[in-house]
Structures are given as structure tokens and as C-alpha cells.
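>>> please find the sequence and the predicted model below.
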Amino acid sequence: MTEPTLTETPQQADRATTIYEKSVPGRRAAQLPPLGKGVEETPIDQLIPAHLLRERPAELPETSEPEIIRHYNRLSRRNFDLDTGFYPLGSCTMKYNPRLNERVAALPGHAKLHPATDPSDAQGALQLMYLLQESLSEITGLPTVSLQPSAGSQGELAGLLLTRAYHADQGRNPTKVLTPDTAHGTNPASVTMAGYEVVKVATNEQGGVDVEDLKSKIDDDVACLMLTNPNTLGVFDENIAEMAAMVHDAGGLLYYDGANLNAIMGQSRPGDMGFDIVHMNLHKSFSQPHGGGGPGAGPIAVSERVEPFIPRPQVVRIEDEEGAFYDLDYDRPKSIGRLRGFQGNFGVFVRSLAYILSLGGDGLSEASQLAVLNANYLKKRLSEGRAGKYLPVAFDRHCMHEFVLSGAPMKKELGIKTLDLAKRLLDFGFHPPTVYFPLLVDEALMIEPVETEAKEHLDAFADAIEKILEEAENDPELAQNAPYTTPVRRLDEVGATRNPRIRQS
Amino acid sequence: MSEASYPEDLKYHPEHDWARIEGGEATLGITWYAQDSLGEVVFFEGPEIGSEVTKDQPYAEVESVKAVSDVVAPVSGEVIAVNETLADAPEAINADPYETGWLVKVRLSDPLEADSLMDAAAYAASLE
């Protein structure tokens, strides 16, 4: 056992271990009962062909049930999650994940449905998917939704493949995709992966797209303009209709990155703004838990002109005299094809539809209003006192669901960087905001408080920032060496990148 | 180095790059301000020897803990050397951006281009 030292918490002294290190030969969590009377034991080599049998047993951890429970419970306590506290990670929409979603997703009819079930035996599931398609269609203002993409990133790639298919169908092959310099990093990455050239568009003084710069870059070689609105500065671009007309006139499409959809649900619709393709992150706007790369969904909604090219199969509703039947439609000759096996991560669809139906249209609309109200309240609080002095708002105007502060004056005058402030916030029990993004704001802090946080949490967060800045006026080292109370202290990010250890020794 | 410095013998590009012009050749790198803004550099991806770099266009990437950023060429020319030591020790870009942290050497294709670059005083003033 490691003794905690005076400067170490017991949790810090307790080094992270894997379940394999807990293994003790012969220890078991369960014992199978002996075979019943009259049941004969068959040797395994009579059941499974010899070439498929292991030469030696799998090296599985050998532990008792209480040890397993303790191990994973201990690991969960070393984590910071939404159930622990305020998590204003900008652009990630860390909203509460209602427990009702979990209850519904766990129903055996949902959880135990086999993905290869014939549509005639999976009518309920297909109806659920159809309802989700229809709901997302209404929310985005676009006629057709495909649930196939399994993540926002795959939704982006799908959108660009649709763009290519749309132009190819007209005998065109434009090579450029325009993205503003505030774009999420995934946008240029997806563009490059899809074989297009990224052309960056500048930001104007209000934080929106510089329309003149856009105009100078639009020609018939532009395949599409990729935008997030509101953008990563939390600013809604009022020039969107004008920009859409410019791009459409040149033969290009408009792509909407739905990362920030939480700001506009029930308020404005990408389809009405002129967008042709939208991807949505169900884990952001529609309360599916964010999981470490776990099952996801990044549905896309498209305009009429893009509809022929969407992935197949598509869930469709067929009505005849006997009633409605839900089916998988493979008869889509212009489709870009399948994006994944089976029909997607079904549990994600269940949770998101549960969320949409339990809030209803008015509820979703109110959620967006509250997300914007919370962001503006917190922005106002942080424009006062020391935060106002050391952390000015970038592009100061009414924001949408998030806003960006610049830590440049703090770095210059107090000698602590945005990273130091972020680490010190952990000691106050808050997850830090997104840092160093967007890139065009020096020492950026991107704060998205979401609609499910009460005023007292927003106030406590603002108070913590004030306190940290006050500390730093007297002793900058306090922040520079933070955090102190977390399961591990400051991580060596540089060492981890330069000399990664990707195997456990 | 912890203190900002902008040597007098270099020419500067507004995208925070420097060039040391010697006859028909130039050594290129990023400025103290650039490396300070990036934070600790963890990876440098340079161009191939023999490739062409074009003034105002990206020719290499530097990756820091914060971001991957393009390095913009202050002058045009053919790459005749790449700082190979950066592969194992990219931290030289932080520690000494003007000497051991140089990035590439080029043979200038248009020596007159350098006239449009800033001197140290003008560059330092542009950062204010």
C-alpha cells in the first residue's frame, strides 16, 4: 500500500490500476452449478473443430464480484462527468442526459432487438426510426433525413460525398469547399478527406463571415460552403440569406454543421436559411450521453435537390388499405450507398426520440431559449470585476448559446495562461471550458453553459473565476501549478505527445 | 527563451515568420511571438528537399499542445535543406527559434521579394 503524503490526497496516492492488475489466480466472480441429473458432459473438442480451439486459455482477469464492483466504482470516481458538476465545455453542448431516456432504451424490445431482424418483425423499431427522421426533418426545415451516419464526423463526410454526387450528376466536378476561419477543426478535415480543397473565408468585425471576402472566393469551382450558424464564437450570422443566394447562384451547395443546433431549435431552421445539407449530433442537441468514442449518431437532413443521393437503405412508411407498413428502401439508384453495417446505433435513436417527444415542440424551443439566456447571463457576470478586466469577451455582442473570452490580458498582466486558469477551475469543482479554440482568439476560453444549469451554478462558476484571478494577482504560481485536488495532478501533455507510451508494460 | 526578441539581421513576414538572407539563399523559421503563441511544439513536419515554397503560402506544419498550424513562407524558392534535428527535438523551436530552431533553407527564386518584408523594428511594432 502506498502511504499518502502531506501534499498528496489518498486518491492521488492510489495509482490507477487495470482490472488485470487486480487478478488473483483461481479467484472467481461466479461458479457454475454442476450438471443436472442425466445430462452428460461433452468434451469441448467434440463440439468445436480443433482448428478453432485456443491452444491455451484466454488471459482473463480473475476477480471476485465485490472487487469488480469496487474497481469500476473507483474508476468512475476518478472521472469528472455531467453527474459530478458544471461542465461548460464550449461547442460540446454538455446538457443533462435525462434518466427517462435510459429507461426507455433499456426496454427489452429495444435493447434486445437483433440488427438482422426482418422488417416485418421489427415494425416498432422502424416506426421509431421513421418518427425520428420526421422530427429531425421538422426541426431542421429540410424534407429528408438519413439516420445512417454514426457520428458527426461521418455525417460531415456523408454530406461532402452527397455534394460530390450532386455535382457529378450534373456533369460537374468543382474542387473547392469554402469554410470560415472560425470553423470546427473537423470541417477542413472532412473536406480534405472527401478529396476537396479547403478555402478559408475571413471573419468580419462582428464575428460573422466577411461577405466581401466570401464574394471574392466564389466561382464555379466552388462545390459548397460549409458553415456553422451560430458559429464557434457564439455569433448568429445575419447575412446568411445573402450568402446562401451567392453560393447557389454559382452552382454550389450549402452545408450546415449542426454542432450548434442547440441554440436555434424551434427558433430558426437551417432549411429556411437556404442550407442543403445539415448534420446533427444527437449527443449534443438531443441528450444522448457523450461517450468516449462509444456508439453515436450523426444524422443528416437534406434538401430536395440532394435527396436522390442519400445513403441507402432509407426507412420509409408505406400506406395501403391494410394500414401503414415500415420498410427499408434499397431502391435508390443514385444513392452514395451504405455508410455502415445494419441500421445504426439504435439505442441512440431511442434516447433522442424519447428526449424530443418528452419535451415536445414547445419544450425544445424553450430549451434553446434557456441555453441562450444562460449564456448571456454568464457572459454578463463575466464582464464584471476581475474577469471583465483580464478576460474580455471576443466579439462582444449578444451571444447565442456560447461565448468566447480571451485570456490574453490575463497572460500579459498576471502571468497565468488560459491553461492555468482551466486547471485551477478543477480545484473549484468545475470542468473547464474549451480552451485555445477558436484559433483566431488569442488564449481563447469558450464557454457553453447549456439550458439545464440553474442560476446558482452559473453564479458559482463566475465567482470561482473571480477568485482564481484574485489569487493570481497575489500568487500566480497557485494557478500555474494547479490542479491540486484531482485524482492526478497536471498531466505532461508535451511528454505524452513527444514520447507516447501506447502499450502497457 | 523566455524573453521576446527580434534580431536585427532578420527580415519578418506578418504571419510571424523570419528569413535570414545570405546571398542567393535564405534560412527560414518562425518568430519568438509565433512560438510563444503556439506553446510547446511537439512536432514539425517540413517539406521535401527540392520542393518549391511560394511566398505567402504554407510550406510546413508545426504542432503544439494547442493546435496544428501552417508555417507560411516569407520568400519563394527551392528547399535545399531541412532542419533534421527537429524530428527528435522539436522543442528547439521554442528554446531557440532563430538559431537551432531554424526550419528550412531555400535558394531564392526572386531575391527582390525580400524587399517587401519588415525589419525587426517594424515587426515588433506590428505586434503592439
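Arrived safely.

>>> give the contact list for the residue nearest to the spatial centre of chain B.
What sits nearest the mean C-alpha location of chain B, by C-alpha atoms, centre = their mean, is B:G29, with 1.8 Å. Counting by C-beta atoms under 8 Å, 6 or more residues apart in numbering or on different chains, B:G29 touches B:17-18, B:93, B:97-98, B:101-103. For every residue, glycine as well, the C-beta is placed using N, CA and C.

>>> now do the SS call for it.
At B:G29, secondary structure determined by DSSP: H, G, I helix; E, B strand; the rest coil is strand.

>>> distance check, it against chain A.
The gap separating B:G29 from chain A is 20 Å, by C-beta to the nearest C-beta, to the nearest Å.

>>> now intersect the contacts of B:G29 with the strands, please.
Secondary structure from DSSP state E places B:17-18 of those in strands.

>>> who does the residue nearest to the centre of chain B bridge with?
For B:G29, the beta-bridge partners are B:W18 (DSSP bridges).

>>> distance check, B:Q57 against A:G361.
As defined by C-beta to C-beta, to the nearest Å, B:Q57 lies at a distance of 50 Å from A:G361.

>>> look up how far chain A lies from B:G77.
Relative to chain A, B:G77 is positioned 24 Å away (criterion: C-beta to the nearest C-beta).

>>> that residue contacts B:K105, correct?
No: in this structure B:G77 lies outside contact range of B:K105 using C-beta atoms under 8 Å: 9.0 Å.

>>> higher neighbour count, these two?
Counted by other C-beta atoms under 10 Å in any protein chain shown, B:G77 and B:K105 do not tie: B:G77 has more neighbours, with 24 against 19.

>>> which parts of chain A sit against chain B?
Residues of chain A lying near chain B by C-beta under 8 Å from any C-beta of the partner chain: A:419, A:435-437, A:439, A:442, A:493-494, A:497-498.

>>> buried among those? Make that a PyMOL selection.
Buried residues among these (16 or more other C-beta atoms under 10 Å in any protein chain shown), as a PyMOL selection:
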select buried, chain A and resi 419+435+436+437+439+494+497+498
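
>>> show me the two of the residues of chain A next to chain B that sit farthest apart.
A:D442 and A:R498 (24.8 Å; C-beta to C-beta).

>>> just checking, A:G363 is part of a strand?
No: counting by three-state DSSP, A:G363 is not part of a strand but helix.

>>> and the helices in the stretch 151-300 of chain A, which stretches?
In the stretch 151-300 of chain A, the segments counted as helices under DSSP state H, counting those that start in this stretch are A:152-169, A:186-193, A:211-217, A:240-249, A:270-273, A:282-285.

>>> same question for chain B.
When assigned using DSSP state H, the helices of chain B occupy the ranges B:32-38, B:92-95, B:120-126.

>>> give the buried residues for the shortest one.
Buried residues in helix B:92-95, counted by 16+ other C-beta under 10 Å: B:92-94.

>>> packing partners of that helix?
strand B:41-45 (3 or more C-beta pairs under 8 Å, 6 or more residues apart in numbering or on different chains; DSSP states H and E).

>>> please name the residues that touch the residue in the stretch 51-200 of chain A that chain B sits nearest to.
Using C-beta to the nearest C-beta, the single residue of the stretch 51-200 of chain A nearest to chain B is A:G185, 8.2 Å away. By C-beta under 8 Å, 6+ apart, A:G185 lies in contact with A:F437.

>>> quick check: phi and psi at A:K380.
As for A:K380, its main-chain torsions (degrees, to the nearest 10) stand at phi -60, psi -50.

>>> rewinding a little: list the residues that contact both of B:G77 and B:K105?
By C-beta under 8 Å, 6+ apart, the residues touching both B:G77 and B:K105 are B:25-26.

>>> contacts for stretch B:121-128?
Contacts for stretch B:121-128 (C-beta under 8 Å, 6+ apart): B:6, B:12, B:14, B:31, B:33, B:118.
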